[in-house]
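Undergrad: Show me how the following folds:
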Amino acid sequence: MSTWPTVRLGEVTESMKNGIYKPASAYAEDGYACLRMYNIGDGKLVWRDIKRMRLSKNELSEYRLLPGDLLVNRVNSRELVGKTAVIPEGVEPLVFESKNIRLRLVPDKANPKFINYQLLLNGRRHFSTNAQQVVGMASINQKQLADFPVMLPLLSVQEEAVAEIEKQFSRLDEAVANLKRVKANLKRYKASVLKAAVEGKLAPTERPWKQVVLGDIATSIRNGYSKKPDAEQGTRIFRISAVRPMKLDVNDIRYLSGNPADYQSFLIESGDVLFTRYNGSRDYVGVCARVPPNLPPTAYPDKLIRVRVPGAMLLPEFLVILASTGRAREYIESKIRTTAGQSGISGGDLKSLPLDIPWVTEQQQIVAEAERRLSVIGEVEAAVEANLTRADRLRQSILGQAFSGKLLFNGAHG
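TA: Alright, predicted model coming up:
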């Protein structure tokens with residue numbers, strides 16, 4: 001264990017300040033970049049969806065961030081509250097909004113990155129446990145932040161620790177970047193497999209494909225059960241999140257009171273295709289997945305649409321492929337409407353979904369080849385995700401070793 005002394009964060013903080021509060025109408029195209037809670041990631045800033053705000057000179061002076069300032073997220077979900085980042089050198093003028101707290105550390109006592117790495121290691125767990133619940137969000141205050149315990153060796157030791165951590169992180173970041181490139185390539189390959197499937201290039205097709213709309217083939221296109229789940233046990237009902245592109249998480253469920261017989265017309269069957277009717281993310285609207293065999297009785301909610309097709313004309317598996325790429329997916333995206341932050345399509349839109357279908361025997365061959373290739377892709381994707389998860393654990397392990405004195409110092413520096 002490290003023999004470094006421990007102090008309260010407030011003892012090495014020159015000043016703390018909550019960010020500026022302005023209504024959404026204050027954001028502008030040509031104002032100062034304003035960092036919100038979404039712009040703080042795991043120990044670093046996230047340069048995405050930056051909003052701008054027009055401020056007076058006095059407001060800019062009061063809320064401007066300087067290089068070396070530590071920004072802490074004070075309001076968020078319980079799992080994310082307490083995220084931190086250090087303001088780097090060489091950035092444009094930045095200010096920060098009210099869901100964040102700025103810490104300006106005493107320069108000759110604390111290295112901002114050294115403190116930031118300690119908060120990255122232990123802060124989120126500490127603050128999520130001690131945060132107050134305010135209108136569905138977790139909140140921490142300046143006093144809680146000031147009371148957070150930090151190790152504080154000599155400044156030269158802090159700088160040496162930061163250098164070693166960043167050397168280790170640099171190697172890890174390179175490995176993670178390579179994994180993400182593999183992931184992106186797999187996504188492109190998957191798209192090419194689906195494109196080849198709907199263009200008849202995965203298996204030989206000798207006869208012309210029929211051009212139809214889904215409503216001419218489907219035996220049923222129906223929205224799900226409209227009442228909210230109300231029980232801890234009873235009849236299973238899928239969450240909307242159970243349906244993702246070409247995948248159904250059969251365990252992503254809640255419960256309705258009563259027996260399955262009470263919901264007979266809303267129970268799914270093997271071979272049903274479930275489409276997402278409504279979602280906060282446009283990317284998930286109209287995505288679909290096939291229901292596998294041998295599930296216990298399960299209902300589906302009204303934000304999903306159940307489609308049944310006659311297997312003698314259109315295989316459910318082939319419908320999923322068709323609806324996930326090409327002109328069918330383009331049609332779905334063209335019909336998405338957004339209201340109050342939610343995007344959706346209707347059952348009527350699905351009835352007009354354009355489809356190009358070969359004979360069923362040819363569909364079987366295409367599905368078999370597509371599933372073979374997609375299975376290989378899925379195995380590699382799973383391995384990539386496992387390694388990305390392992391990288392996150394390794395990052396925490398590096399920090400744990402650094403602050404236990406094992407990474408470089410063996411506890412020898414005070």
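
Undergrad: Distance check, Pro260 against Tyr225.
TA: 12 Å (C-beta to C-beta, to the nearest Å). (C-beta placed from N, C-alpha, C; glycine too.)

Undergrad: and these two? which has more neighbours close in?
TA: Tyr225 (19 against 16; other C-beta atoms under 10 Å).

Undergrad: Report the central residue of the protein.
TA: Ser281 (10.7 Å; C-alpha atoms, centre = their mean).

Undergrad: quick one: contacts for it?
TA: Ser343 (C-beta atoms under 8 Å, 6 or more residues apart in numbering).

Undergrad: Swap in 7 Å and give it another go.
TA: Taking C-beta atoms under 7 Å, 6 or more residues apart in numbering, we find Ser281 in contact with no residue.

Undergrad: So Tyr278 sits against Gly341, correct?
TA: No - counting by C-beta atoms under 7 Å, Tyr278 does not reach Gly341; the two are 11.1 Å apart.

Undergrad: what helix or strand is Asp392 on?
TA: helix 360-402 (DSSP states H and E).

Undergrad: average model confidence for that helix?
TA: Helix 360-402 shows a mean pLDDT of 95.

Undergrad: So which elements touch that helix?
TA: Other elements packing on helix 360-402 under the criterion 3 or more C-beta pairs under 7 Å, 6 or more residues apart in numbering; DSSP states H and E are helix 155-198, helix 316-323.

Undergrad: Would you mind finding the most buried of the ones you listed?
TA: helix 316-323 (a mean of 24; mean count of other C-beta atoms under 10 Å).

Undergrad: Could you list the residues in contact with it?
TA: 194, 197-198, 246, 271, 273, 288-290, 309, 328-329, 353, 355, 363, 366-367, 370.

Undergrad: so how far is that helix off the chain centroid?
TA: 26 Å (C-alpha atoms, centre = their mean, to the nearest Å).

Undergrad: Tell me which helix or strand comes right after it.
TA: Next along from helix 316-323, by DSSP H and E: helix 326-335.

Undergrad: could you point out which element follows that following helix?
TA: strand 337-339.

Undergrad: helices or strands next to the helix or strand just after that next one in the packing?
TA: Later in the chain than strand 337-339, the nearest helix or strand by DSSP H and E is strand 342-344. Packed against strand 342-344, as judged by 3+ C-beta pairs under 7 Å, 6+ apart, are the following elements: strand 278-279.

Undergrad: Can you give the strand pairings for the strand it packs on, parallel or anti for each?
TA: Strand pairing for strand 278-279, determined by DSSP bridges: strand 342-344 (antiparallel).

Undergrad: Which of the residues in the strand it pairs with are classified as buried?
TA: 343-344 (16 or more other C-beta atoms under 10 Å).

Undergrad: Give me the contact list for that strand.
TA: Under C-beta under 7 Å, 6+ apart, the answer for strand 342-344 is 277-280, 282, 285, 336-337.

Undergrad: now do 10 Å
TA: When contacts are defined by C-beta atoms under 10 Å, 6 or more residues apart in numbering, strand 342-344 is touched by residues 276-286, 303, 335-338.

Undergrad: Stretch 135-144 too?
TA: Outside stretch 135-144, the residues touching it (C-beta under 10 Å, 6+ apart) are 9-10, 13, 16-18, 37, 72-82, 99, 101, 103, 123, 126-133, 148.

Undergrad: Pull out the buried residues from that stretch.
TA: Neighbour-count burial for stretch 135-144 [16+ other C-beta under 10 Å]: 137-140, 142, 144.

Undergrad: For these, give me a markdown table that also has distance to Leu267.
TA: Listed next are the buried residues of stretch 135-144 as a markdown table, based on distance: C-beta to C-beta, whole Å:
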| residue | distance to Leu267 |
| --- | --- |
| Met137 | 37 |
| Ala138 | 38 |
| Ser139 | 42 |
| Ile140 | 45 |
| Gln142 | 53 |
| Gln144 | 49 |
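
Undergrad: Which two among these are spaced furthest apart?
TA: Pairwise distances across these peak at 17.1 Å for Met137 and Gln142 (criterion: C-beta to C-beta).

Undergrad: residue boundaries of the strands in the stretch 1-150 of the chain?
TA: Using DSSP state E, counting those that start in this stretch, the strands of the stretch 1-150 of the chain run over 6-8, 13-18, 27-35, 51-53, 64-65, 70-73, 75-76, 84-86, 94-96, 100-105, 132-134, 137-139, 149-151.

Undergrad: Comparing the ones you listed, which yields the minimum mean pLDDT?
TA: strand 132-134 (a mean of 82).
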